Every structure is written in C-alpha cells, then in structure tokens.
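Visitor: coordinates only, sequence not included:
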C-alpha cells in the first residue's frame, strides 16, 4: 500500500488529519466538560449524604410493581411480555409453535409469509394455525366474559 501513495501525498493527508484533530478535540473537551457539569448538578455522591439519608435509596424505594406482568415468552430470542392475566394463561396453554405464531403476528407484527420463513412452515399452514388459535382465544375470552370473568 505504501507504494500506491507518494510521500508528498502522505504528508498532505497527515497534515489534514492533524488539522482536523486540532479542531475537533477542543470541541469534544468542551462537550465533555459541559455534560459533566450537568451531571454533577443533578447527582449527589453517597459520601455527601447525611446519616440515615441513604436508607431512602433502599430496594423498597426502587421496587417495580411486577404484579401486572403475568407472563413473558421467548419468541425469536426476544422477550415478549403479556400483561393481561387471562390472555397470558390462554397463551401458556398453547403449544410453543402456536403461541409463537400468535405472538409473532400480533406482537412482533410479522406477516404470515415472514413467520412461515422463520419457522420453516408453508404460509397456508401458518395462517391455518393462527386462525384456529385466534378463534380458540376469542371463544375462551367470550366464555370468561359470560361466566363473570372467572
């Protein structure tokens, strides 16, 4: 590669690079110092907290309410969370292939053709499985509605 470029050309490139670095680095330093100042305005180090004040940062204060999250399914190596208790129980009752087809279609917004390519089925089979599963879900949800949500 050294043979392709003359030494004069290399020298020009090096000078242009040096000039760009001299322009860019001071700006980066200014940006860094500005971000650091903003961060320090908002944050307080633990060593500066008064006695007992660090207890306000206990696990309970950061505890998320996970009661609303009923099921998490792995679809194409992506976690898919279903927060509806009834729907999550219905989906858990399906075999993995059917559940994945339903979740890929409705949550990941994939078409039947895409789903078929991912799982190695024909598009018609994916459509058939999805339609049957959706019909079963509707039927079970209707029955629950008529039974008073039990």
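Guide: In hand now; what should we look at? Since the structure is predicted, the reported quantities are computational estimates derived from the model, not experimental observations.

Visitor: okay, and the helix or strand of the protein with the least pLDDT?
Guide: When the helices and strands of the chain are compared on mean pLDDT, DSSP states H and E, helix 59-62 comes out lowest with a mean of 49.

Visitor: what does the following helix or strand past that one contact?
Guide: Following helix 59-62 in sequence order, the next helix or strand is strand 71-75 (DSSP states H and E). Residues outside strand 71-75 that contact it (C-beta atoms under 8 Å, 6 or more residues apart in numbering): 79-82, 88-89, 91-92, 99-100, 103-104, 107-108. The way it works is simple: take the backbone N, C-alpha and C, and place the C-beta from them, glycine included.

Visitor: pairing partners for strand 71-75, with directions?
Guide: Taking DSSP bridges as the criterion, strand 71-75 forms sheet pairs with strand 78-82 (antiparallel).

Visitor: in the chain, where is pLDDT below threshold?
Guide: Applying pLDDT under 70 to the chain flags residues 1-5, 46, 52-70, 148-150.

Visitor: so which residues of it form helices?
Guide: Ranges of helices in the chain, per DSSP state H, are 7-42, 59-62, 85-93, 96-106, 112-119, 123-146.

Visitor: name the helices or strands packed onto the third one?
Guide: Taking 3 or more C-beta pairs under 8 Å, 6 or more residues apart in numbering; DSSP states H and E as the contact definition, the neighbouring helices and strands of helix 85-93 are strand 71-75, helix 96-106, helix 123-146.

Visitor: quick check: angle from that helix to helix 96-106?
Guide: Between the axes of helix 85-93 and helix 96-106, defined by axes from the mean of the first three to the mean of the last three C-alpha atoms, to 10 degrees, the angle is 130 degrees.

Visitor: can you pull the buried residues of helix 85-93?
Guide: Residues of helix 85-93 classed as buried by neighbour count (16 or more other C-beta atoms under 10 Å): 87, 88, 90, 91.

Visitor: among those residues, which two are most distant?
Guide: Farthest pair in those (C-beta to C-beta) is 88 and 90. Separation: 7.4 Å.
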